[in-house]
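Novice: Sequence first, then the predicted structure, then my questions.
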Amino acid sequence: MMYAILLILLVLVLAAAGFLAYQNSKLVSNQKKLGTASSDPSLVYSIFDQSSAAGVEEPEAIPLFQYTVFARSNEAVVVNKPVAMIILCRVAAGKGDYLLADVERNMLDKISRPMPLNAYSEHKAYLHRTANHTEKEMVLNLEDAVNLQYT
């Protein structure tokens with residue numbers, strides 16, 4: 001009788017351990033699908049200030065978000081002379097300045113700075129160039145920050 005009870009307890013413990021292992025593997029696979037399992041060290045970012053330059057200096061740089069401030073002259077936007085143009089790019093490992101969380105914080109700081117009077121801002125989000133879910137979420141957060149700034 002005692003062996004039967006021990007056998008039943010052993011089966012229950014093994015079943016519980018199997019169920020927990022199954023749930024854990026399901027959670028890990030979902031995180032991998034969403035791209036949140038771990039931060040990828042090969043994904044680094046740079047912010048290029050293009051106010052005076054014609055293009056991004058890094059040929060391997062992949063633009064993810066662009067924020068541009070234009071001046072207004074007599075209520076018309078002067079498109080060919082931006083006051084500021086900031087481009088967030090993903091660059092090759094070893095060439096970037098920021099990791100994901102740092103670059104988002106830095107971009108939010110740049111976006112929240114007051115614009116000159118009579119200025120107009122524009123942004124472009126390149127969601128099709130994002131590498132994973134967290135990167136896409138960051139770009140959407142930046143887009144929301146720009147939209148909320150002027151509502």
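Specialist: Good, I have the coordinates. Numbers count the residues shown, from 1 in each chain.

Novice: quick one: the strands in this structure?
Specialist: 44-49, 62-73, 76-91, 119-125 (DSSP state E).

Novice: Would you mind checking which helix or strand in this protein has the lowest mean pLDDT?
Specialist: strand 76-91 (a mean of 77; mean pLDDT, DSSP states H and E).

Novice: Check the average confidence over the top helix by length along the chain, would you?
Specialist: Of all segments of type helix in the chain, defined using DSSP state H, the longest is helix 2-34. The average of the pLDDT scores along helix 2-34 is 82.

Novice: which parts of it are buried?
Specialist: For helix 2-34, a neighbour-count test (16 or more other C-beta atoms under 10 Å) marks nothing as buried. Backbone N, C-alpha and C define where each C-beta goes, glycine included.

Novice: try stretch 96-103
Specialist: Gly96, Tyr98, Leu100, Val103.

Novice: Name the nearest residue to the last one, sequence neighbours excluded.
Specialist: Taking C-beta to C-beta, 6 or more residues apart in numbering as the measure, Val103 lies nearest to Tyr45, with 4.1 Å between them; neighbours along the chain are not counted.

Novice: picking that back up, switch the strands of the chain over to JSON lines; also include mean neighbour count and distance to Ser112.
Specialist: Shown next, in JSON lines, are those (neighbours: other C-beta atoms under 10 Å; distance: least, C-beta to C-beta, whole Å):
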{"stretch": "strand 44-49", "mean neighbour count": "18", "distance to Ser112": "14"}
{"stretch": "strand 62-73", "mean neighbour count": "19", "distance to Ser112": "11"}
{"stretch": "strand 76-91", "mean neighbour count": "17", "distance to Ser112": "12"}
{"stretch": "strand 119-125", "mean neighbour count": "16", "distance to Ser112": "12"}
